[in-house]
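>>> let's see this in three dimensions:
(one chain, ligands or ions: 1)
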Amino acid sequence: MTEVAERAGRRPVTGPDEVVRLEAVRKVYGGSKHAVTALDGVTLGFERGTFTAVMGPSGSGKSTLLHCAAGLERPASGAVRLDGTDLASLGERALTRLRRERIGFVFQAFNLLPELTVADNVTLPLRLAGRRPGRGAVDGALERVGLGDRRGHRPAELSGGQQQRVAIARALITRPAVIFGDEPTGALDTGNARAVLALLREVARDAGRTVVMVTHDPVAAAYADRVVFLSDGRVAGMLNRPTPERVAEWLTRLPGEAPGGATETVRELW
Ligand SMILES: Nc1ncnc2c1ncn2[C@@H]1O[C@H](COP(=O)(O)OP(=O)(O)OP(=O)(O)O)[C@@H](O)[C@H]1O
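The predicted model follows:
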């Protein structure tokens with residue numbers, strides 16, 4: 001753990017092609033009496049076209065990390081850069097605009113509007129941003145997620161997996177710099193979860209998007225290029241080219257000290 005933190009301190013301020021960079025981010029909830037340190041000095045970069053899974057025990061700070069990286073919450077100290085912009089330099093309106101235009105979100109509960117068609121759900125972020133969606137863009141996004149023939153359907157007429165794919169098409173429509181997923185497969189059965197994970201991987205590899213996903217599931221995490229492990233609000237380690245077995249092994253070591261293998265994987269990265 002210490003090794004990661006120390007090495008993180010020596011890293012350059014921005015990496016080669018990092019779309020998102022957190023630098024010594026601390027986030028504290030509550031007042032002085034009941035303060036909870038959700039993030040305790042997280043330094044981390046996410047490179048363009050990569051798929052990262054964020055894992056760790058309940059309460060380790062995964063959602064808080066996502067929220068700070070996406071500008072949904074402001075850190076107590078430290079910095080977040082997204083697509084070249086220091087989020088602290090933006091006021092609320094500019095931050096909202098940046099979120100709409102540069103970030104896609106995929107949540108466990110698909111968050112589709114039931115009264116809108118699939119096509120209208122997908123184009124919602126563009127319309128909220130005052131842009132007029134072209135038919136080609138909508139069809140392209142729906143075809144990418146394998147739902148080209150469902151544009152006129154309502155969410156209730158689709159399976160959970162299909163609804164999540166609509167949510168991914170909606171996340172893609174603005175051509176965002178980064179897509180954040182908070183347990184995107186948490187409500188899906190195995191088959192649908194696999195399809196959604198394969199799609200997220202494809203979105204990173206083929207479409208060059210940067211995907212960051214919080215998950216509790218080692219099998220889901222193994223679809224990513226890299227797993228970041230959090231423990232007590234800190235980066236406890238990282239694993240490149242994860243397999244479900246190695247991820248599970250890592251999880252059993254958290255939040256305690258990570259011996260042998262941890263050092264080996266830390267070396268892989270730094
Ligand atoms: N709005 C809040 N107010 C007070 N404390 C909070 C708030 N949000 C999170 N926390 C606390 O911050 C810590 C980190 O929470 P976070 O939700 O980021 O963890 P997590 O790893 O995503 O957990 P889980 O896997 O259970 O979703 C926890 O101790 C949590 O109780």
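>>> and stretch 51-63, average pLDDT?
When pLDDT is averaged along stretch 51-63, the result is 95.
>>> please see if it touches the ligand.
Yes - using C-beta under 6 Å from any ligand atom, stretch 51-63 reaches the ligand at 56, 58-63. (Each C-beta comes from the backbone N, C-alpha and C, glycine too.)
>>> gap between the two ends of that stretch?
17 Å (C-alpha to C-alpha, to the nearest Å).
>>> and the stretch 1-150 of the chain, which residues reach the ligand?
29-30, 36, 38, 56, 58-64.
>>> and those residues, which is closest to L116?
S63 (26.7 Å; C-beta to C-beta).
>>> in the stretch 101-250 of the chain, which spans are strands?
Using DSSP state E, counting those that start in this stretch, the strands found in the stretch 101-250 of the chain span residues 103-107, 178-182, 210-214, 226-231, 234-240.
>>> now distance to E115, mean neighbour count and mean pLDDT too, for the ones you listed, in CSV please.
Output for these, formatted as CSV (distance: least, C-beta to C-beta, whole Å; neighbours: other C-beta atoms under 10 Å; pLDDT from 0 to 100):
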stretch, distance to E115, mean neighbour count, mean pLDDT
strand 103-107, 19, 22, 91
strand 178-182, 24, 24, 95
strand 210-214, 28, 26, 96
strand 226-231, 38, 25, 96
strand 234-240, 42, 22, 95
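>>> distance to V196 added to the ones you listed, as TSV?
Converted to TSV, the strands of the stretch 101-250 of the chain look like this (distance: least, C-beta to C-beta, whole Å):
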stretch	distance to V196
strand 103-107	8
strand 178-182	9
strand 210-214	10
strand 226-231	18
strand 234-240	21
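>>> of those strands, which approaches Q162 most closely?
Counting by C-beta to C-beta, Q162 lies closest to strand 103-107 out of the strands of the stretch 101-250 of the chain; the figure is 13.7 Å.
>>> how about the contacts made by V145?
Neighbouring residues of V145 by C-beta atoms under 8 Å, 6 or more residues apart in numbering: 165-166, 168-169, 172, 199.
>>> can you rerun that using 10 Å?
Each residue near V145 by C-beta atoms under 10 Å, 6 or more residues apart in numbering is listed here: 122, 162, 164-172, 195-196, 199, 202-203.
>>> spatially nearest residue to L147 (excluding sequence neighbours)?
R165 (5.7 Å; C-beta to C-beta, 6 or more residues apart in numbering).
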